[in-house]
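Colleague: need the 3D shape of this:
(chains A, B, C and D)
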2 protein chains.
Amino acid sequence: MEVRRTTVRDMRRSNRSVILTSIYREGPLSRQELTVRTSLSAASVSNLVGELIAEGVVEEAGSVESEGGRPRVLLRVAPTFRYVAGAEVGETRVRVELFDLAMNVLARADQPISSPTPDEVVKHVLEGLSAVVTSSGVRPEQVLGLGVAVSGVVEDNAVVDAQTLGWNAVPLAKMLAEGTDIPIQLDNGANMLGQAEMWFGAGRGASDVVVALVGSGVGSALVAGGSSYRGARSSAGEWGHMTIVYGGRRCRCGALGCLEAYVGAEGVLDRYRQAGGTVGADEETAFVELLDTDSELAATIVDDTIGYLAAGFANLVNLVNPERIVLGGWAGLLLGERHLDTLRVEVGKHALRRPYEQVSIVLCELGRDAVALGAATLPVVRLLRDGGAVR
Amino acid sequence: MEVRRTTVRDMRRSNRSVILTSIYREGPLSRQELTVRTSLSAASVSNLVGELIAEGVVEEAGSVESEGGRPRVLLRVAPTFRYVAGAEVGETRVRVELFDLAMNVLARADQPISSPTPDEVVKHVLEGLSAVVTSSGVRPEQVLGLGVAVSGVVEDNAVVDAQTLGWNAVPLAKMLAEGTDIPIQLDNGANMLGQAEMWFGAGRGASDVVVALVGSGVGSALVAGGSSYRGARSSAGEWGHMTIVYGGRRCRCGALGCLEAYVGAEGVLDRYRQAGGTVGADEETAFVELLDTDSELAATIVDDTIGYLAAGFANLVNLVNPERIVLGGWAGLLLGERHLDTLRVEVGKHALRRPYEQVSIVLCELGRDAVALGAATLPVVRLLRDGGAVR
DNA sequence: GACCTTGATTCACGACCTGGAAGAAGCCCA
DNA sequence: TGGGCTTCTTCCAGGTCGTGAATCAAGGTC
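Modeller: Coordinates of the predicted model:
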């Protein structure tokens, strides 16, 4: 039973949240439009908006004429009310970015990282954070929070397990909090890229979405009913290690026949080389080379890849019944740019007719650099949820 | 933006719901315990409970002594405040059951059905409903609602598509509503069995669960964060048609290599017969026969089945990260009773270590007759959600 | 039978949203 | 130029709600 009481204060907080969220997500709105959208009374809208303006969260932004009457005053979330930071922890670099509330980038700090130990990562994130804060002239107490995207499983928004980095139960949130007063929120990198696509990219307007990421490996972010689905212990979305060829190729996770072993760039190139194809050593260049090679072997490998990927998509379509699947990741984009139509057709061969007809399959719009952007939305989500209340 | 305003009335409804739900789900409770669990003030609990008692939803049920003070008065939902009905629409029969609010069966009506056309089904459901209501001496206006479980996709709680029955966009809710004043709610049969297991069976206490049903075919019910997950258009949970052997056996859905083609009883027996095994014609008898045959061939087929099923489970574990998987369906139970431990081990070979360690795999506890019970919980859910307000 | 402990109820209070009336701000037209 | 009109916004009285402190209730203890 997770039910909670409601008090008279919750009501106001909730209504502030409704109004603030509407203003933020649906662009400049007048009080009048807010009364329609929220079905709150005009009196309450005026009251709540007045409070939000007095606190500086919301500001008036011009007016628009109405049909012969008093013009409506437009309201927007004040972009400079507070700032938010996002960090992307990769295997070879740490990127920190600072945004205003309109999610304009104010500063960016990229730092190469030699060995991704927890201490090293903490050091670089904190350095990057203070670098972007300083260089943009924002006072630290103006920063609402720092969202950090890591490539592993983040439990309870605090502890990280990342097999690829060799991290086991690393209390990253605590470690970071010791070096700054800015509130920290952690999440998984794939989820954050998905979050970015949901807010600013190909996921806009949808509420049941799978963001499928195909790079060297394969992962996904699940969005159910408008919010990220993490499962019982935050590791949901491990789509890449779904068995798709029972007893098939050995995957680096140890199991046989995982999707990743067939459609991850590494697996694809491996299959090509084993079949006698030759490409360069650099993975991305090689992958492009394979896609653009005009040989029967290359065509077979690519067609097979599309087939396996389609089966993986179909499994999502059947099991999750999303309204949209967003394909991303560098390899996914390269493949999708060339073969999206074929992919769509192939999915239809594996999926049930009904959910297949209801899903649209599209490409990511933001590229791979949106991870920090997604992470930076975490403090914004909190701000909107709390109706503009700050620490 | 699905955010909605909150008014002062919502607050009371919400708190009534919190109290009523606590009393219903956590057994007889005193007002004192309610203040602790709901974190409402003692004053409000007293006030709200008084109202619920006055309306007859809740009643006092004895008292329990406290440590030297005034004894606590226990409260429970009055079992006979209202009644709920559940119907199971199968391919060969329609079952309707009537329950009190404590979910004790008061009456049951089974009706064989020759051809499951919509009109025929509506007729039998309505006949069954009036039969159980009459025979138990309950006044029709005392019946809170009828939940109907059908074996197809139910959209918007109103329209049914059932490929197996040949139904296409049948407005079943409307058709039923024309024959009775009792409110109708529709849902999918697998979901309803899952719902029954969640409330009264192997799912109790968990909030992220997959109920996996293996019979002649294969399906599942997904429970995410305590409530049933239906996806964008109500067809989520189609686990049986997940591709598990790329390019493998032809499934009755038309695709190749679906899980159902390997672990559904029909598929299993088919594989056995094709490999030279002989069993009787009746599916269930044949399946038991296969399981209990002491031959190398039979053992291989069974082992393979466990392997395929394990891969199917592992895909759920990786993608959904449930805390529990509940195996049911007649074939699933027969298999599970004999080989659950092996199955658990095999799942570990396909799933990622971390989510695998976090999931428990157990058998259904209620048998296959719980569908109507699950359906009958639909009106109860509505009652609890609305805080005891009746039509 | 006085006192203690614990559970339940009462009541004044402040916070909240609402509907209707009033005010504000622009446009139109004589 | 000013009155009238339309539309947006604010003000105010009224009613609902949960809270905290005080009070009442019901049993046990000595």
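
Colleague: hey, let's count contacts and neighbours off CA atoms from now on
Modeller: Will do.

Colleague: contacting residues around the one helix or strand A:A43 maps to?
Modeller: Using DSSP states H and E, A:A43 falls within helix A:42-55. The contact list for helix A:42-55, computed with C-alpha atoms under 8 Å, 6 or more residues apart in numbering or on different chains, reads A:N15, A:R16, A:I19, A:R31, A:Q32, A:L34, A:T35, A:V58, A:E59, A:G388.

Colleague: nearest to A:A331 among these?
Modeller: Nearest to A:A331 among those: A:G388, at 39.4 Å, using C-alpha to C-alpha.

Colleague: what's the weakest-modelled helix or strand in chain A?
Modeller: Lowest on mean pLDDT, DSSP states H and E among the helices and strands of chain A sits strand A:58-64, with a mean of 82.

Colleague: starting at the chain centroid, how far to it?
Modeller: A distance of 30 Å separates the centroid of the chain from that of strand A:58-64, by C-alpha atoms, centre = their mean, to the nearest Å.

Colleague: does DNA strand D sit close to the helix holding A:A43?
Modeller: Yes - judged by C-alpha under 7 Å from any atom of the strand, helix A:42-55 and DNA strand D are in contact via A:A42, A:A43, A:S46, A:N47, A:G50.

Colleague: in TSV, list the residues you listed along with distance to B:F81, pLDDT and neighbour count.
Modeller: Below are the residues of helix A:42-55 next to DNA strand D laid out as TSV (distance: C-alpha to C-alpha, whole Å; pLDDT from 0 to 100; neighbours: other C-alpha atoms under 10 Å in any protein chain shown):
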residue	distance to B:F81	pLDDT	neighbour count
A:A42	40	91	16
A:A43	40	91	11
A:S46	44	91	16
A:N47	43	92	11
A:G50	47	91	14
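
Colleague: how about the residues of the stretch 251-391 of chain A near chain B?
Modeller: Contact residues (C-alpha under 8 Å from any C-alpha of the partner chain) of the stretch 251-391 of chain A with chain B: A:253, A:255-256, A:308, A:311-312, A:314-315, A:318-323, A:349-352, A:355, A:358.

Colleague: try it again at 7 Å.
Modeller: Residues of the stretch 251-391 of chain A lying close to chain B (C-alpha under 7 Å from any C-alpha of the partner chain) are A:A255, A:A311, A:N315, A:N318, A:L319, A:V320, A:N321, A:P322, A:E323, A:K349, A:H350, A:P355.

Colleague: please tell me how far the fourth one sits from A:T305.
Modeller: Summarising the geometry, the distance separating A:N318 from A:T305, computed by C-alpha to C-alpha, to the nearest Å, is 20 Å.

Colleague: what of the last one?
Modeller: Computed with C-alpha to C-alpha, the distance linking A:P355 and A:T305 is 23 Å.

Colleague: so these two - more neighbours on which side?
Modeller: Taking other C-alpha atoms under 10 Å in any protein chain shown, A:P355 and A:T305 do not tie; A:P355 has more neighbours (25 against 22).

Colleague: per-residue confidence at A:G152?
Modeller: pLDDT, A:G152: 89.

Colleague: tally of neighbours for the closest residue in space to it that isn't next to it in sequence?
Modeller: Sequence neighbours aside, A:A162 is the residue nearest to A:G152 in space, at 4.1 Å (criterion: C-alpha to C-alpha, 6 or more residues apart in numbering or on different chains). By the criterion of other C-alpha under 10 Å, A:A162 has 17 neighbours.

Colleague: got the contact list for the residue of the stretch 101-250 of chain A found nearest DNA strand C?
Modeller: Nearest residue of the stretch 101-250 of chain A to DNA strand C (C-alpha to the nearest atom of the strand) works out as A:L144 at 22.7 Å. Shown in contact with A:L144 (C-alpha atoms under 7 Å, 6 or more residues apart in numbering or on different chains): A:R82, A:Y83, A:V84, A:I182, A:P379.

Colleague: again, but for A:I244
Modeller: Contacts for A:I244 (C-alpha under 7 Å, 6+ apart) come out as A:G257, A:C258, A:L259, B:T243, B:I244, B:V245, B:Y246.

Colleague: and the pLDDT for the fourth one?
Modeller: Which is B:T243. pLDDT recorded at B:T243 is 98.

Colleague: excluding chain neighbours, give the residue nearest to A:L352 in space.
Modeller: Nearest to A:L352 is A:N318, by C-alpha to C-alpha, 6+ apart, at 6.5 Å.

Colleague: check the secondary structure at the one you found for me.
Modeller: With DSSP: H, G, I helix; E, B strand; the rest coil as the basis, the three-state label of A:N318 is helix.

Colleague: part of a strand, is A:E238?
Modeller: No - counting by three-state DSSP, A:E238 falls outside a strand, being coil.

Colleague: that one contacts A:G219, correct?
Modeller: Yes - taking C-alpha atoms under 7 Å as the definition, A:E238 is a contact partner of A:G219 at 5.6 Å.

Colleague: off-centre distance for stretch A:220-235?
Modeller: Taking C-alpha atoms, centre = their mean, one finds stretch A:220-235 lying 11 Å from the centre of the chain it belongs to.

Colleague: now swap in stretch A:178-196 and tell me
Modeller: Remark: stretch A:178-196 is offset 11 Å from the chain centroid, using C-alpha atoms, centre = their mean.

Colleague: quick one: mean pLDDT for it?
Modeller: Averaged across stretch A:178-196, the pLDDT comes to 96.

Colleague: what's the answer for stretch A:110-119, then?
Modeller: So the average pLDDT for stretch A:110-119 ends up being 92.

Colleague: output it as PDB, restricted to C-alpha atoms.
Modeller: Extracted C-alpha coordinates of stretch A:110-119, given in PDB (Å, rounded to 0.1, in the frame of the first residue of the first chain):
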ATOM      1  CA  ASP A 110      34.700  18.100 -21.500                       C
ATOM      2  CA  GLN A 111      37.400  16.200 -19.600                       C
ATOM      3  CA  PRO A 112      39.200  13.200 -20.900                       C
ATOM      4  CA  ILE A 113      39.500  10.500 -18.300                       C
ATOM      5  CA  SER A 114      42.200   7.800 -18.300                       C
ATOM      6  CA  SER A 115      40.900   5.200 -15.800                       C
ATOM      7  CA  PRO A 116      37.300   5.500 -14.900                       C
ATOM      8  CA  THR A 117      37.700   4.700 -11.200                       C
ATOM      9  CA  PRO A 118      35.000   6.100  -8.900                       C
ATOM     10  CA  ASP A 119      37.400   8.600  -7.300                       C
END
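
Colleague: show residues contacting that stretch.
Modeller: Contacts of stretch A:110-119 (C-alpha under 7 Å, 6+ apart): A:E91, A:T92, A:R93, A:V94, A:R95, A:V96, A:H124, A:L165.

Colleague: list the buried ones in stretch A:157-167?
Modeller: Buried residues in stretch A:157-167, defined by neighbour count with 16 or more other C-alpha atoms under 10 Å in any protein chain shown: A:N157, A:A158, A:V159, A:V160, A:D161, A:A162, A:L165, A:W167.

Colleague: mind putting the contacts of A:I244 into TSV with secondary structure?
Modeller: Putting the contacts of A:I244 into TSV (three-state DSSP) gives the following:
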residue	secondary structure
A:G257	coil
A:C258	strand
A:L259	coil
B:T243	strand
B:I244	coil
B:V245	strand
B:Y246	coil
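
Colleague: distance to A:Y24 added to those, as a markdown table?
Modeller: Formatted as a markdown table, the contacts of A:I244 follow (distance: C-alpha to C-alpha, whole Å):
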| residue | distance to A:Y24 |
| --- | --- |
| A:G257 | 45 |
| A:C258 | 41 |
| A:L259 | 39 |
| B:T243 | 41 |
| B:I244 | 43 |
| B:V245 | 46 |
| B:Y246 | 45 |
